[in-house]
Each structure stands twice: as structure tokens, then as C-alpha cells.
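Visitor: Give me a model of this one.
(chains A and B)
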Amino acid sequence: MSQDFNIVEMNGISKSFFGIKVLDNINFSVTPGEIHALAGENGAGKSTLMKILQGVYKMDSGEIKIAEKVVSINNFQEARALGIGMVFQEFSLIPELSVAQNIFLDREHKNKARLFNERRTIAEAHKVMEELGLDIDVSIKVSTLGRAYQQLTEIAKAIAGDAKILILDEPTASLAKEEVDALFLVLKQLTARGVSIIYISHRMDEIYRICDRITILRDGQVVAVAPLTQITPQETIAHITGRKDVQMLSHEGNSIDRSTTPVLKVEGLQVGNQVTDVSFELYAGEILGLAGLMGSGRTELLRALFGMDKKDAGRIEINGKEKKISSALDAIANGMAFIPEDRRRQGLVMEHSLKTNIVATNLAKLSHLNFLDSRKINELSAASIEKFQIRPSEANRTVRLLSGGNQQKVVIAKWMATDPSIVLLDEPTVGVDIGTKVEIMKLVRSIAAEGKSVILISSELPELLGVCDRILVLRNGEIAETLDRKEIEDEDHLQIIVQGIRI
Amino acid sequence: MKLNIFKKFDWRATFIYWMFAGIFLFFAILLHDDGFLTSNNLLNIFRQTATITVMAVAMTFVISSAEIDLSIGGVAGLSSVVGAIMLRDHGLIQGIAGGLMIGLLVGSINGLLVSRIGIPSFLATLGMQGVALGFAALITDYRPIPILNETFNRIFGSGTVGFFPGLLFWSFGAVFIGWVVLTKTTFGRRVLATGGNRDAAEFNGINTKNVKFKVMLISSFVASIAGLLYAGRLQTGRYEWGAGDELSAIAAVILGGTSLFGGSGTIVGTFFGALLVGLINNGLILAGLPVSQQQIIRGLIIILAVALARKK
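Guide: Numbering: from 1, shown residues only, chains lettered A, B, ... in the order given. Have a look, this model is predicted:
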């Protein structure tokens, strides 16, 4: 389907943030009517490159050609004028407006009196949908549509704005299987009309199903460009992961005594359709990894365990006794701690001091008759800062002013102060610099060495391989595999299992 | 290091004290001959601002938890008339209890509406303000209810302790209790955590619904105390006592440096904020300005002060 000229051509693109090179002389091109996969690990530079193409960031050097003309893109509006459309992960639709009104938002059809011409808007929107082969009633409110149709509306909006190049970032993360099929059908329709699609995804099966070519980034550099007919999934994964951090991978998993009563036993846990019939056991001193793609139900599983979301079915036993955990309070009372995915939104009060945040989980222990004991509070915060090496070490500093890694240490510190027996960690190293990442992983190991049990979610497989004793692979809310650390040869091996590729 | 020292002097945090000192000085010079600096007038300022101070202390908790309470003026009015009627018909204890019951009742309703049903406090209390005011007018037929019980009047507002008016002690008492609860107790911490980041507070095992319920309850309860203070000082219960006080209280809280977005609160700041509002009122009256001009200038000063005190 591809033709021999490039609709998008990015040549020699480099970009640094604070002296750190995140894109190094990148060449990237897309031909008309092509679906081009852009792959790489988190932090490899995919989103930075796409943000440059949309005018959000300015490149330090390099040039961009659209339809063989050199252009400068300084903002979103200019990108749109050049026919570059982005389908946002967080949809940019207004829920209380109709599908048609959303499609023509800010480009409304007006009648002679300069008022909105609702009938024409609906007719035009209907035409766009028809072209995409979609049967959606364009007069209904967006809020009444499911996620998939909202996404298709988003695509229709970009197309109606004459987008020739569409960027999709993990578009299937929250879609069900039939919805994915519908989306792919639309994408194929679009390419037949000459629209080019840049498809960012971590899912190999999808990439191989609909993409024509792939560009793989690692550490800000292009490591491979190839038609997908000429590269195997194993090769692709090898390019994405590269060889790295040998020390982290040398972990072989500790032998865990599984003859005792498990610290945590989960049976038949069900949460909507996001977690289906999950059962597992966790033993003292064990680190259990949860691997899986986005939307596989990892976070939902932990949230339900911690009582944040309602469980539809299932039994939880702690130290052999059945427990009902229906709130965070129950979970904490049963010795659980949860370091959540988004530390800014869920972990910390950003405007409060380090000290205030550290003691927040422990108010009852640090007070007499509800009066705070400031001596105990100072002791605890000083001890935590010392133990977890939080820098700068001022207890009264606002946590907003700390680096991501140190913020994460504050979250870990405040939970460890509750002396939990089960520690749940959800992506603890996201947005943390490499040095602190290693520190946090060592911390996780030391938590288990104290005899506590850990459940760790991470999208970075080397981290899981570096600390876990056992790994559960989740797929569509179910446990697809349970693997002992010793059974996994290397990262590529695990990645292939996570992706569900049959060899 | 040098930069650090400079940074530590956050003039916004101390803004209210500068503002207070500045305006005080301004009036002291300008209105010297009108008796601004006499001890009697200065005590008057305290007397007039006592009810606002008491309500503003509770409002500090409400705003720190990222809510608002617009019904306190109506609650004060209703409490003053219910207290006055019960006092007339049944006696002292019943009168006081009746007034306070109003606060507990309205506060429980506000709390349930906000925390359980999830109505934004802005709307729930705006509606409740009308309900309370309407009830107060309805049961008294717009008439004042005189209070002849000396003991009541002496406790609530009219009495003195030695040289000092009793209202002074009510103010200081409210400020002291508020300060202790906000800074020294687990409840205060929970309020600040809830207002600062509700999600994170939930993850910490804080029952944020409960916190919001309690905060709304406290606000109304304290407003009913303020209603009794009006009744005692003016020796009548009247539906319109406290009308408009919600705005003065909110202004005092924000002037004092509490964040309108929740998560941080300062009771001492609120106290000075309330005094500043009272100071401005007093100065403008002494200056002999007509009510219309007083209103304009007061409004402008408050807007200006809040704009200057706002965090970047």
C-alpha cells in the first residue's frame, strides 16, 4: 500500500532535557497510506519524538518535512493545519455534546444568522462516519457511548479536520476484543484513503496484525527500521530490550518455604470484567511479580486487594484466616500497605511537608487521645529520612520540591512506618532516575529480607526479573502463567510470554 | 545558601500581619482625633468582630478540607430566634440547648448532603442558607424576640470580666481551641490531608467522607454559638442576625492565608483576618462615611488584600 515518497520525514532529530540527550539523531519516515509502528520501552523517546512532530516540544537540531516540504511546527494548531492529527489517550471530547457537535467542535457549520446549523452539522458528521464505515447515531451524546466508540469519534474528529497523518498512542489499552476489531477495520479504511498512521504500542500481536513497517527506538536512538514481514517478533523484542543491566538480571530468586501457611491467600477474585477468577498464594519473605500489558488487570487486582474497589466475588485469607477487606482502613488493619501507581495523585499531599506526609499513615500510633505527639513525630520522620536516604533531608521541606525518586522514597517510608506484613507496590519506579531506580529495587529486596511479603507490579521486565521470586503473568484479567524466577531465562523470554506469542 | 535565606522569608505567609499593621497605623494617624486609639474603641473592635472570629475559625477547617459553608449566616439567625423563643417559654438551659440543636441539625444535614449524597458544598449550603433564613423569619413573623434573661445576656456577649468584654474571651477561646485542634490533633491532620489530596488521603486509610461530614457539622454548630452570641449581645433574637457573615468569615479565612483550594490552613492568620475586617469596618464608621461608601470601600479593600495575598 505504501508509495515511494514520504509524507512525514524527520531527519537527524536531536533533543535534550536538562543536558540529558533523550533523542539522538533520529531519522523517521512514514509513507502515504502506511501504518507505521513506533516501538520502544518507556523512556526510549517515542512520545518525545511525537511531541516534536506535534509542535509541543522544539527540537534542538534536525528538520521535519511534510509532503516533501521543510516545515517548522511551533504549536498544536500549526501541526493540525499541516494535517497531523493526534488521537489522545485521554479523550479530548466534551461528554455532554453530541457526537456531531464534537466532530465539528470549533469548526461549527453556521447558518445565515451566524447561529449553529445543527442539521448540517449532523449531516456532515454522518457523512464522515459513513466514510469510515461506521454506523453511529451522531446526534447522541458522547457520554452515552462506550470507550471504543468514543475513540472512533475522536478519530472521526481528526479525519473531519482533514488529518492526513494520524498518531495513535496505545489506542487499544482500554478496549475489549470486539472493539479492537472495529478499530482496526476503521484504520484499514483510512489507509485505503491514503491516510498515514503512526501506531504506538507495546503489543506485538497488534503490531504484527495491522502495521506495515516498524521503527524501534532504544535510549533515544533508532535501532531498527524494517517492514514487519522481514522481522520476527523475537527479533523485535530483542531490539526493544537490548542488553542491559546485567547485575539486575543476575538475581535467581530466593527459595521460599511454601510448606507454611501463606501470608495471603486469594481465591476466585472477581472485579467486574477486569479481574477474572484470580487465585494465588503469597508466602512470608516472598516477592511476587505481576507482569502483563496495560489493561491486563494488574492495578485493578491490587486495588481490590487493598479494599479500594469493590470485589464481586472471591475469598481472601490472611495467615490462614478469612478476612473481609472492604476499605483501605481494613487493609491497613490487616497489615497491608499500598504504594500506588501515581504518587503525585494518590501517594502524597504535594503541598505538605515531608514530615507531614511520612506520618499520615500512622496518626493513631503517633498520638495520645487524638493529640499528636510531636516528639514521636519528629523521631519517626528523622529516622525515616535517615533509613531511606531521602534527599534533601529537611523534614519540613514541601514534597513538591523533591525529585521523583525522593518523592517515591517518602511514599515507601510512610508505609514502612506502619510495619506492614504485606507490601503492594504498583510501578514504583515510574518517572524515577536510573540511580534511584536501583535503590528502590534494593529497598524492595530488603523489605522481603525482613520477612515481609511483597507484590510488585512493573512494566519494566528487568525490574521484575531483578527482584522477584515468582512472577504471575496476567492477560485479560486472568492469570495466564505462573512462573518461578528460575524458569525464566532472560528478559526476551519473559516478554514473549507476556505478549502471548506462541513459539 | 544566601539564596536559601532569602527564600525563607516568604512575605506572602506573613502578609496578613503587614496588612493589619499598615491599616492599623493608617487609621491611628488619620482618625486620631476621632478616638480611634482609645481603649474603649479598640475593645469595641474586638466586641464587634467576635462573632465573625468564632465563625471564621470553624470556616478555616471547612476551607482547609476543600469545602465551603455558605449557610452559617442563616444558621446564626435561626439559632438566635429559636434560642430566644425557647428561653422565653422554657428557661435558660432549654434556650441555649435549643439554639445549639439548630446548629447540630443543620450541620448534620449539610454534612450528609456533602459527604454521602455528594452535592458540592457550595450548592448544598447555598440552598440551606435560604431554608434557615426563611424558617427564622417564618417562626417569628419577621419580629425580633427580646431576651430578658440577665444570665443569658451576661454569658453570651453582654457581660464583662473585669475590664474586658466577655466576647473577647469567646474570640480567644475559639482561636485557641481551633489552633490546638488544627495543628495538634489527628483530626486536624486528617482535615488537611483530605483537603490537600483526597485520593492520597483515601489510600492512607483516612475516611474522607467522615472528615467532610464532621467539618460541615462543626461549622454549623459553631455558627449556632455565634447566633447565641448575637442574641446575648443585642439582647434579642432576630432572623437577620448574621446575615452576610458567611462572606466576612470567608474573607477573614482567605486574608489570613488559608488556601481556598484546601490542604493548608492557619487559625492565627484567620484571627488577624477577622480583626482586619473588623478594623476596616470600625475605621470607616469612625471616619463618618455613609453606609453606601463604607460598603464600596470595604469590598475593594477585601478584593485587593486577597489578590495580594494570593499564592502565585
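Visitor: which stretches of chain A have low pLDDT?
Guide: Where chain A drops to pLDDT under 70, the residues are A:1-3, A:89-91, A:243-250, A:434, A:502-503.
Visitor: Around chain B, pick out the residues from it.
Guide: Within reach of chain B by C-beta under 8 Å from any C-beta of the partner chain, chain A has these residues: A:308, A:327-329, A:331-332, A:338, A:340, A:345-352, A:356, A:359-361, A:363-364, A:367, A:370-372, A:374, A:414. Where you see a C-beta, it was placed from the backbone N, CA and C, and this is true even at glycine.
Visitor: In ChimeraX, how would I select just the buried ones from those?
Guide: Of these, the buried ones go into a single ChimeraX selection, burial set by 16 or more other C-beta atoms under 10 Å in any protein chain shown:
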select /A:308,328,331,332,338,340,346,347,348,349,350,351,352,356,359,360,361,363,367,372,414
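Visitor: Could you tell me which of the residues of chain A next to chain B belong to helices?
Guide: Among the residues of chain A next to chain B, the members falling in helices (DSSP state H) are A:328-329, A:331-332, A:356, A:359, A:374, A:414.
Visitor: Could you tell me how many residues sit around residue A:73?
Guide: By other C-beta atoms under 10 Å in any protein chain shown, the residues close to residue A:73 number 21.
Visitor: show me what contacts the residue lying closest to residue B:288 once chain neighbours are set aside?
Guide: Ranked by C-beta to C-beta, 6 or more residues apart in numbering or on different chains and with sequence neighbours excluded, the top spatial neighbour of residue B:288 is residue B:34, at 7.8 Å. Neighbouring residues of residue B:34 by C-beta atoms under 8 Å, 6 or more residues apart in numbering or on different chains: B:286-288.
Visitor: buried subset of those residues?
Guide: Among those, those classed as buried by 16+ other C-beta under 10 Å are residue B:286.
Visitor: a markdown table for the contacts of residue B:34, including distance to residue A:261 and pLDDT?
Guide: Below are the contacts of residue B:34 laid out as a markdown table (distance: C-beta to C-beta, whole Å; pLDDT from 0 to 100):
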| residue | distance to residue A:261 | pLDDT |
| --- | --- | --- |
| B:286 | 78 | 89 |
| B:287 | 80 | 88 |
| B:288 | 83 | 88 |
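Visitor: so of the contacts of residue B:34, which ones are in strands?
Guide: Assigned to strands by DSSP state E, none of these qualify.
Visitor: Which residue does the stretch 201-350 of chain A have closest to chain B?
Guide: residue A:349 (3.6 Å; C-beta to the nearest C-beta).
Visitor: quick one: residue A:217 from residue A:25, how far?
Guide: 12 Å (C-beta to C-beta, to the nearest Å).
Visitor: swap that for residue A:133, please
Guide: As judged by C-beta to C-beta, residue A:133 and residue A:25 stand 40 Å apart.
Visitor: Quick check: residue B:306 touching residue B:252?
Guide: No: Residue B:306 is not in contact with residue B:252 according to C-beta atoms under 8 Å; the separation is 10.6 Å.
Visitor: The two: which has the busier surroundings?
Guide: Each of residue B:306 and residue B:252 has its neighbours counted (other C-beta under 10 Å); residue B:252 has more, 30 against 15.
Visitor: Could you pull up the residues touching that one?
Guide: Applying C-beta under 8 Å, 6+ apart to residue B:252 gives the contacts B:52-53, B:56, B:59, B:270, B:273-274, B:276-277.
Visitor: Just flag the most distant two among those.
Guide: B:59 and B:276 (15.0 Å; C-beta to C-beta).
Visitor: Between the two, which is the more surrounded one?
Guide: residue B:59 (34 against 25).
Visitor: Once you drop chain neighbours, what's closest to that one?
Guide: With C-beta to C-beta, 6+ apart, the residue lying closest to residue B:59 is residue B:249, at 4.6 Å.
Visitor: Is the one you found part of a helix or strand, or is it coil?
Guide: helix (DSSP: H, G, I helix; E, B strand; the rest coil).
Visitor: can you tell me which residues contact it?
Guide: Listed by C-beta under 8 Å, 6+ apart, the contact partners of residue B:249 are B:52, B:55-56, B:59, B:72, B:274.
Visitor: So what's the residue count around the residue of the stretch 101-250 of chain A found nearest chain B?
Guide: Closest contact between the stretch 101-250 of chain A and chain B, by C-beta to the nearest C-beta, is at residue A:143 (17.7 Å). The local packing of residue A:143 (other C-beta under 10 Å) involves 12 other residues.
Visitor: thinking it is in contact with residue A:95, fair?
Guide: Yes: with contact defined as C-beta under 8 Å, residue A:143 reaches residue A:95; the gap is 3.7 Å.
Visitor: got the contact list for the residue in the stretch 101-250 of chain B positioned nearest to chain A?
Guide: Closest residue of the stretch 101-250 of chain B to chain A, C-beta to the nearest C-beta: residue B:196 (3.6 Å). Counting by C-beta under 8 Å, 6+ apart, residue B:196 touches A:349-352, B:262-264.
Visitor: switch the cut-off to 7 Å
Guide: Residue B:196 sits next to A:349, A:351-352, B:262-263 when contact means C-beta atoms under 7 Å, 6 or more residues apart in numbering or on different chains.
Visitor: ok, of the contacts of residue B:249, which one's closest to residue A:498?
Guide: Among the contacts of residue B:249, residue B:59 lies closest to residue A:498 (C-beta to C-beta), at 53.0 Å.
Visitor: quick one: what helix or strand has the closest one in it?
Guide: helix B:39-64 (DSSP states H and E).
Visitor: Give the other helices and strands that the next helix or strand after that helix contacts.
Guide: Per DSSP H and E, the first helix or strand lying C-terminal to helix B:39-64 is helix B:72-90. With contacts taken as 3 or more C-beta pairs under 7 Å, 6 or more residues apart in numbering or on different chains; DSSP states H and E, helix B:72-90 sits against helix B:92-112, helix B:121-140, strand B:145-146, helix B:208-234, strand B:236-237, helix B:245-255.
Visitor: if we go to 10 Å?
Guide: helix B:39-64, helix B:92-112, helix B:121-140, strand B:145-146, helix B:150-153, helix B:208-234, strand B:236-237, helix B:245-255 (3 or more C-beta pairs under 10 Å, 6 or more residues apart in numbering or on different chains; DSSP states H and E).
Visitor: Leaving out chain neighbours, which residue sits closest to residue A:41?
Guide: Nearest to residue A:41 is residue A:240, by C-beta to C-beta, 6+ apart, at 6.1 Å.
Visitor: Give me the secondary structure label for that neighbour.
Guide: Applying three-state DSSP: residue A:240 is helix.
Visitor: For residue A:18, see how far away the nearest residue to residue A:241 once chain neighbours are set aside is.
Guide: With sequence-adjacent residues excluded and distances taken as C-beta to C-beta, 6+ apart, residue A:241 is closest to residue A:491, at 4.9 Å. When C-beta to C-beta is the yardstick, residue A:491 and residue A:18 sit 29 Å from each other.
Visitor: ok, the two, which is more surrounded?
Guide: Comparing residue A:491 with residue A:18 by other C-beta under 10 Å, the one with more neighbours is residue A:491, at 24 against 5.
Visitor: wait, the more buried one sits on residue A:461?
Guide: Yes: contact criterion C-beta atoms under 10 Å: residue A:491 and residue A:461 qualify, at 5.0 Å.
Visitor: How far does stretch B:284-292 stretch from one end to the other?
Guide: For stretch B:284-292, the first-to-last residue distance is 11 Å (C-alpha to C-alpha, to the nearest Å).
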